[in-house]
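Student: sequence first, then the predicted structure:
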Amino acid sequence: MADFAYSDKEAAQALTGIIGTSRWATVAFAHGYLALQDGKDEDSAARIIFEKGPQTLKRSRELIEQSKSLGFFTLLEERKKTGSAENPITKLFPATITEQRFLELLDELCDDQSNLTYSDDRDTRSLTDFVLKKGEDELPINVKNAGTRFERAQDLVGLDPNDCLPIPAYKAHAALEVSLNLLYVISVDYALLDNLVSQQLNFGMI
């Protein structure tokens, strides 16, 4: 792995600070590594990795044990570029930026509307990201980023590409079963991904 101008701890802090809610394995490891650096015992740090990411508890404990002598960078596995889901720049960063934009608007809305609050449900592994609350009324919200046009929409479904927004069928069907009033909030920004990739190239990350 290439040498970087910042330390293992600084790199872990950057990950948790920017995409800390992501369940990407590297982010989960960063949380656990920082917990260990801050004085948590090994088992507690391993459980943080386990709870925040896809690793097994056994693998989480191995990472913590190895990190005591090898640090953070050395244990990171090189990401295979086999699709958008394998690339944090195309998958995780757009989603995180979209959620941050939405949270800013949500805070402004709650400041303007009396008795309006919200809860952050992104860690519940459900379709709901946030829940708007006023009295006994609740509105569950799923926040999505639309960063890629459906270029063949006209040929395949008879619609302009700009009129097709990405809501997977399985999520639509799931919403009917668990949350009939789920509201999808979609940020349409077809330039966001290109801007992120450009920044990634500037920093030599790809």
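Tutor: Good, I have the coordinates.
Student: these two touch, right, residue 49 and residue 31?
Tutor: Yes - with contacts counted by Cβ atoms under 8 Å, residue 49 reaches residue 31, the gap being 6.7 Å. Where you see a C-beta, it was placed from the backbone N, CA and C, and this is true even at glycine.
Student: the two: which is more packed in?
Tutor: Neighbour count, other Cβ atoms under 10 Å: between residue 49 and residue 31, residue 49 has more, with 29 against 19.
Student: what does the helix or strand hosting that one rub up against?
Tutor: Element membership of residue 49, judged by DSSP states H and E, is helix 42-52. Helix 42-52 is contacted from outside by 23, 27-29, 31-33, 35-36, 40, 55-57, 60-61, 63-65, using Cβ atoms under 8 Å, 6 or more residues apart in numbering.
Student: hmm, 7 Å instead?
Tutor: Residues from elsewhere that reach helix 42-52 (Cβ atoms under 7 Å, 6 or more residues apart in numbering): 23, 28-29, 31-32, 35-36, 55, 57, 60-61, 63-65.
Student: just the buried positions in that helix, please.
Tutor: 45-50, 52 (16 or more other Cβ atoms under 10 Å).
Student: may I see those organised as CSV, with pLDDT and distance to residue 17 added?
Tutor: Listed next are those as CSV, based on pLDDT from 0 to 100; distance: Cβ to Cβ, whole Å:
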residue, pLDDT, distance to residue 17
45, 96, 18
46, 96, 22
47, 96, 21
48, 96, 16
49, 95, 17
50, 93, 21
52, 91, 14
